[in-house]
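Trainee: next comes the sequence, and after it the predicted model I'd like to discuss.
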Amino acid sequence: MPDPIVFTSTSPRHGLPLLFTGQAGKEFTVNEAHALIDALLHPAIEGVANDPPATPAEGQCWLAGNAPTGSWHDHAGELACRSAGDWLFAAPRDGMVLLDRSSGQLRLFRGGAWTMAAVPAAPSGGTTVDAEARTAIAQIVTALADCGILPA
């Protein structure tokens with residue numbers, strides 16, 4: 001018979017709290033885990049900000065900027081989600097994709113940074129249409145790779 005699995009106090013990827021035998025107040029642990037799952041499942045942010053909004057609605061999330069203040073202090077680059085009248089923070093992991101409602105674009109977390117596809121410059125000038133088309137196509141492919149749609 002194999003040895004029983006031994007768990008740490010949180011899940012390895014997102015730090016979701018785990019239950020233990022004989023644990024008092026399990027409802028707090030379960031509710032915290034559910035709130036994190038709610039924030040991380042198909043995440044959407046209102047935008048990027050350093051200052052917490054004055055009147056956030058329940059369930060709204062932001063991406064904390066590089067110099068967060070107030071209750072977001074020490075949470076640079078993390079998702080800040082409003083839950084049960086308080087802020088819940090989640091550190092991004094490689095492969096996380098979220099919708100930025102302020103720009104309408106997807107953001108991808110890869111290699112320790114958030115990226116978004118840049119709009120390639122429109123072809124202009126030149127005398128040979130083929131060279132302009134090739135440059136435009138190369139820029140589109142690069143933009144798609146930068147946002148994680150195509151492999152880098």
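Mentor: Okay, I see it. What you are looking at is a predicted structure, and each value in this text was computed from that prediction instead of being measured. Residues are numbered from 1 along each chain as shown.
Trainee: where in the chain is pLDDT low?
Mentor: In the predicted model of the chain, residues 1-8, 119, 121-124, 126, 151-152 satisfy pLDDT under 70.
Trainee: where do the strands sit along it?
Mentor: Remark: strands assigned in the chain by DSSP state E are 44-45, 48-49, 61-64, 79-83, 86-90, 97-100, 105-110, 113-115.
Trainee: to residue 73, which of the ones you listed lies closest?
Mentor: strand 61-64 (9.2 Å; C-beta to C-beta). Where you see a C-beta, it was placed from the backbone N, CA and C, and this is true even at glycine.
Trainee: so what strands line up beside that closest one?
Mentor: Using DSSP bridges, strand 61-64 pairs in its sheet with strand 48-49 (parallel), strand 79-83 (antiparallel).
Trainee: and the ones you listed, which is most packed in?
Mentor: strand 79-83 (a mean of 21; mean count of other C-beta atoms under 10 Å).
Trainee: which other residues reach that one?
Mentor: Contacts with strand 79-83, where a contact means C-beta atoms under 8 Å, 6 or more residues apart in numbering, come from 35, 38-40, 43, 45, 52, 56-64, 68, 72, 87-90, 92, 98.
Trainee: would you write out the PyMOL command that picks the buried residues out of those?
Mentor: Only the buried members of those enter the following PyMOL selection, criterion being 16 or more other C-beta atoms under 10 Å:
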select buried, resi 35+39+40+43+45+52+56+61+62+63+64+68+72+87+88+89+90+92+98
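Trainee: and residue 102, what is it in contact with?
Mentor: 45, 46, 47, 48.
Trainee: how much space separates the third one from residue 26?
Mentor: Shown here: residue 47 relative to residue 26, a distance of 36 Å by C-beta to C-beta, to the nearest Å.
Trainee: and if you look at the first one?
Mentor: Note on residue 45: its distance to residue 26, by C-beta to C-beta, is 31 Å.
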